[in-house]
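[1] Could you work out the structure for the sequence below:
(one chain, ligands or ions: 2)
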Amino acid sequence: MRWTQTYIPTLREEPAEAELISHKLLLRGGYIRKLAAGVYSYLPLMQRVIAKVSQICREEMDRQGGIELLMPALQPSEVWKESGRWDSMVAEKTMFVLRDRHDHDHCLGATHEEVITDLIKGEIRSYKQLPLILYQIQTKFRDEIRPRFGLMRGREFIMKDAYSFDRDEKGRQISYQKMADAYKAFFDRCGLETVMVESDTGAMGGSGAHEFMVVVETDGGENTIVMCNKCDYAANIEKASTVEDSNNSDEEEGELQIVDTPDAGTVEEVTAFLNVPASKLVKTILYKSGDKVIAALVRGDREINEVKLANVLGGGVLEIADSATVERTTGAPVGFAGPIGLTGVEIIADLEVRHVRNAVTGANQNEKHYINANSGRDYHISVVADIRNVTEGETCPACGKGAIYFKKGIEVGNIFNLGTKYSASMGATFMDEKGEEKPFIMGSYGIGITRTAQSAIERFSDEKGIIWPRAIAPYELIITPLNFDNDEVREAAEEMYEKCQKAHLEVLLDDREERAGVKLNDADLIGIPLRMTIGKRSLQAGNVEIKARKEVKHEEISLASAVWRIEEMLSDL
Ligand code: ATP
Ligand code: MG
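    Ligands and ions are numbered 1, 2, ... in the order given. Below you'll find the predicted structure:
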């Protein structure tokens, strides 16, 4: 391809709208343009990257026996009502809902469990047709609360989603493992090292799930990965269990007292004022779950884990209570809620809370706290559960020996056991060998194609631009003639371009009559793994320069050997 015949609108200026390096580089490199929040055009270079990522994904899915199909993005509400997810998906607002001319509700596909279950139901009748793994690569729509970071969290994005159907638990485990293997191979081939971590099953239901994370040091890592320094435990913090600590349970119970805490509302302010450690304070946070108000209690030095809390409540939408609700429920402004005397509210406490003797808690009165508060004696806990985030340095919940540490990760894919959640609710059954009707045992498996592509940039770039892994680069080689207006340079460039095409290399010829500096900067910016530079000086010696984008040094090679050398270098990339 010739630069002047394609469309690569590189930008010199730093785009103000982007925070992440990968997002900036996608904009500057002329890969994407924004239409609306979380909605992007994929320009020609990006389209080539997407095609490559998709193709690798396809090959690895096929290798594990997956079969490609394409399902509708426009979906009638009926199938979602059948599975029982319509109301919650609408309430959650992540699904784009629309109405047709006959006033029938539809949505734009955010995921396809319902559609595929509806498709399979009635079509696949016998155990002899199982196992089955179907997948598609398609645009998904989600009205994300915070679309951001370019393609990382879009409202329209490309996903590979696969669904497995098995006759029994054993089969399901095999399908799950096949998908885990496919994912590992896929990310490896894309040049991305991933960690497979245990994850929460969230709105998908079912039991057991893993996510594939690209570990990054940047803000692009929206997930906290919990790891152990002794064993191979790895989990998303949303999921990672905590080990109960009952260290301070021996202290004598003191007398409950109300004390003034003027100008102290936050944990830091209250504990500083009362001169106690944050672990002595029991923090009370009010949530709304449907029309119920819930009080969640954790130690002052801990963070509530809303995913765990929502699971304790049986799923559904969980919202932090607004100040009006807090005032109505506690009779005090935000910052002074506490469990003592709190009525009409379910109190859910973290495992540690009942071990905090003589705690400080809010007194449900403005600028007042209790001291020496003890659960059981002074207030009643309705449910005790693990509802907090694990912290670094704590004991590993898996081996019980190692210490926990954190990494930041980008979730690029995940695999879920769905069990019979969708097949049972939607009546998708098959006949087993005894002639009995059984619901399919299902799994669901997603990869963010566009997120994966951007993650590669988040991992591999320098101050000059992108450094694509070869397998997913839009082109393998860029030919940069430094003075295209010079006859000899132009002729050599054209000759090399033709030879490379004959050798089936994916080559981009920068045939613009731009200054050498501009062309070199653009080549670095768009990140093609190899560059052949043709200038008057080296040409006089019958040579061209070849340089890998990730290396500092270039080498001079004769025109005659150039293509051979490029092929050799590419095979090492
Ligand atoms: P997240 O926790 O990041 O919102 P998710 O749990 O909603 O992800 P799935 O519904 O399982 O993700 O989707 C499968 C894959 O699709 C994810 O692993 C991710 O790579 C990608 N993905 C999900 N949401 C988006 C989005 N808004 N923009 C781009 N890619 C996405
Ligand atoms: Mg999501």
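
[2] Secondary structure of Tyr40: a strand, I assume?
    Yes. Counting by DSSP: H, G, I helix; E, B strand; the rest coil, Tyr40 is found in a strand.

[3] okay, it: pLDDT?
    With respect to pLDDT, Tyr40 scores 98.

[4] Contact residues of this protein facing ligand 1?
    111, 142, 144, 153-154, 157, 159, 411-414, 446, 448, 450-451 (CB under 6 Å from any ligand atom). Bear in mind the C-beta positions are built from the backbone N, C-alpha and C, glycine included.

[5] who's in contact with the residue in the stretch 101-250 of the chain that ligand 1 sits nearest to?
    At 3.6 Å from ligand 1, Phe157 is the closest residue in the stretch 101-250 of the chain, using CB to the nearest ligand atom. Phe157 makes contacts with 139-140, 142, 151, 448-451, as judged by CB atoms under 8 Å, 6 or more residues apart in numbering.

[6] Please identify the helix or strand for the residue nearest to Pro333 when sequence neighbours are not counted.
    Distance criterion CB to CB, 6 or more residues apart in numbering; nearest residue to Pro333, sequence neighbours excluded, is Asn366 at 5.7 Å. Here Asn366, judged by DSSP states H and E, is contained in no helix and no strand.

[7] quick one on the thing from earlier: just the closest of the residues of the chain next to ligand 1 to Val276, please.
    Glu411 (38.3 Å; CB to CB).

[8] What's opposite the closest one in the beta bridge?
    On the basis of DSSP bridges, Glu411 is bridged to Met213.

[9] How many residues are close by it?
    By the criterion of other CB atoms under 10 Å, Glu411 has 22 neighbours.

[10] before we move on, what about the one 5 residues further on?
    The tally of other residues near Phe416 (other CB under 10 Å) stands at 27.

[11] Repeat that for Arg146.
    Neighbours around Arg146, by other CB under 10 Å: 9.

[12] residues in contact with it?
    Residues in contact with Arg146 (CB under 8 Å, 6+ apart) are Arg153.

[13] secondary structure class for it?
    Arg146 falls in the coil class when you classify it by three-state DSSP.

[14] and the gap between it and Asp432?
    46 Å (CB to CB, to the nearest Å).

[15] Angles on the backbone of Ala51, please.
    With angles defined as degrees, to the nearest 10, Ala51 sits at phi -60, psi -40.

[16] Let me know the pLDDT of it.
    Per the predicted model, pLDDT is 98 at Ala51.

[17] Next, count neighbours for it.
    14.

[18] roughly how far apart are it and ligand 1?
    17 Å (CB to the nearest ligand atom, to the nearest Å).

[19] This structure - how does it break down into domains?
    As assigned by automatic domain parsing, the chain contains the domains 3-240+406-457, 257-385, 475-572.

[20] Check the offset of the second one from the chain's centre.
    For domain 257-385, the gap between its own C-alpha mean and the chain's C-alpha mean amounts to 31 Å (CA atoms, centre = their mean, to the nearest Å).

[21] mean confidence score for that domain?
    Per-residue pLDDT values across domain 257-385 average out to 93.

[22] Span of that domain from start to end?
    In domain 257-385, first residue to last residue: 27 Å (CA to CA, to the nearest Å).

[23] With the longest one instead?
    Domain 3-240+406-457 has an end-to-end distance of 22 Å (criterion: CA to CA).
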